[in-house]
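**Q** Everything below, folded, please.
(4 chains)
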There are 2 protein chains.
Amino acid sequence: MRIGELSRRTRIPIRMLRYYEERGLLTPQRTPSGYRLYQESDVGQAALVSSLVRAGLPTRLIMPLLDDLRPKPPAADEPGDRDELIALFAAELARLDRQVACLSLSRDAVRQHLRRLRAAREPGCARSRTGSDSGAGRAVSGPG
Amino acid sequence: MRIGELSRRTRIPIRMLRYYEERGLLTPQRTPSGYRLYQESDVGQAALVSSLVRAGLPTRLIMPLLDDLRPKPPAADEPGDRDELIALFAAELARLDRQVACLSLSRDAVRQHLRRLRAAREPGCARSRTGSDSGAGRAVSGPG
DNA sequence: GTAAAGTCTCACGCCGGTGTGAGAGTCAAG
DNA sequence: CTTGACTCTCACACCGGCGTGAGACTTTAC
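**A** So this is what the prediction gives:
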């Protein structure tokens, strides 16, 4: 499929799909005329990438993550900077740990705040069903 | 205390402390000569703010959060944009939930990746106790 | 052939969070 | 007084994620 269809199906702006490619997170083929050609599996991949990006992960980190999550043979990287890589990822892991902690804390705070906000709204005046949903979800969906 | 001490104690760059003030997240008093004067309680506050920011919360949302967490009388905001605020925070909450999930996933993947990396390095050579720490934590600490 | 929709690249710009430096004022210590 | 550490404001700039527009080409539909 071409970029437009992928965009429609994933709800990811075309701009972003190109951006992901620029970052090496999506590697569509090209038609002779230069149009990007995506495969069915790219739908899931794109959604995943988008999800990770929105989670605040730097794209640099997403790439190796994708490599790791895919059914890839434990092939030969360049051994040599292994130690360096290990250090890098260890640092990254620590950072992620901290970030998760912060995030959880923030989430709890927001939750708390929301609760109060909602409680404070209807002290007595019954105001049946003020729409208070939160259209979340449906971002990462498998290609099926 | 002045900004330098606060910076040392919170490990937050001075620049950022000023930035937080600019955003209304920290409101130090001033000496006659213009120096910022922080109180003991600002240590915790600053740490919290920093934590929230690093978690990806936009500063605009942090402000009302802080208001909420503080021992404040349930005073009169402008009622009117309440609904708007609620919607906003609901969306933010959803975002955070997703973010936490994604982040955890990523963290696990990184962990996994690290494990493989490390395993691949020492196929046979016993090398007792390869240091594998990750100095996380100790970001948000209460003032006392 | 022509029009319309889709795509390409390139490039500018915004925003939020940060780093950094310049130039001036403040304060404590000698 | 001078000196050095600290602080002030202002301002430029970077980076990452994103929007948007220009100008050219491709594909599709009539």
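**Q** got the angle between the longest helix along chain A and helix B:82-121?
**A** Of all segments of type helix in chain A, defined using DSSP state H, the longest is helix A:82-121. Orientation check (axes from the mean of the first three to the mean of the last three C-alpha atoms, to 10 degrees): helix A:82-121 against helix B:82-121 gives 160 degrees.
**Q** touching chain B at all, helix A:82-121?
**A** Yes - where contact is defined by C-beta under 8 Å from any C-beta of the partner chain, part of helix A:82-121 touches chain B, namely A:82-83, A:85-86, A:89-94, A:96-107, A:109-114, A:116-118, A:120-121. The C-beta positions use only the backbone N, C-alpha and C, and glycine is treated the same way.
**Q** what separates that helix from the chain centre, distance-wise?
**A** Averaging C-alpha positions (C-alpha atoms, centre = their mean, to the nearest Å) puts helix A:82-121 15 Å from its chain's average.
**Q** Run through the neighbouring helices and strands of it.
**A** helix B:40-54, helix B:59-69, helix B:82-121 (3 or more C-beta pairs under 8 Å, 6 or more residues apart in numbering or on different chains; DSSP states H and E).
**Q** residue contacts, A:Q99?
**A** For A:Q99, the contacting residues are A:G56, B:R54, B:A55, B:L103, by C-beta atoms under 8 Å, 6 or more residues apart in numbering or on different chains.
**Q** farthest-separated two in those residues?
**A** Longest distance between any two of the contacts of A:Q99 is 11.9 Å, between B:R54 and B:L103; criterion C-beta to C-beta.
**Q** Near DNA strand C, which residues of chain A are found?
**A** A:R2, A:I3, A:G4, A:E5, A:S7, A:I14, A:R15, A:R18, A:G34, A:Y35, A:R36 (C-beta under 7 Å from any atom of the strand).
**Q** Just want the phi and psi numbers for the residue lying closest to the first one once chain neighbours are set aside.
**A** Closest residue in space to A:R2, ignoring its immediate chain neighbours: A:Y35 at 5.6 Å, by C-beta to C-beta, 6 or more residues apart in numbering or on different chains. Geometry field for A:Y35 lists phi and psi as phi -70, psi 140, criterion degrees, to the nearest 10.
**Q** What is the neighbour count of A:P13?
**A** Neighbours of A:P13 under the rule other C-beta atoms under 10 Å in any protein chain shown: 11.
**Q** same deal with A:M16?
**A** 16.
**Q** right, is the helix or strand it falls within up against chain B?
**A** Under the criterion of DSSP states H and E, A:M16 resides in helix A:14-22. No - Helix A:14-22 is not in contact with chain B by C-beta under 8 Å from any C-beta; minimum separation 15.4 Å.
**Q** Let me see the residues that make contact with that helix.
**A** Residues outside helix A:14-22 that contact it (C-beta under 8 Å, 6+ apart): A:3-4, A:6-7, A:10, A:26-28, A:36, A:46, A:49-50, A:53, A:59.
**Q** Repeat the analysis, applying 7 Å as the threshold.
**A** Helix A:14-22 has contacts (C-beta atoms under 7 Å, 6 or more residues apart in numbering or on different chains) with A:I3, A:G4, A:L6, A:S7, A:L26, A:T27, A:P28, A:A46, A:V49, A:S50.
**Q** Return the member of these nearest to A:L65.
**A** Nearest member of the contacts of helix A:14-22 to A:L65, counting by C-beta to C-beta, is A:V49, at 9.5 Å.
**Q** If you drop the residues flanking it in sequence, what lies closest to that closest one?
**A** Closest to A:V49 by C-beta to C-beta, 6+ apart is A:L25, at 4.8 Å.
**Q** do the same with A:L105
**A** Nearest non-adjacent residue to A:L105, counting by C-beta to C-beta, 6+ apart: B:S51, 6.4 Å away.
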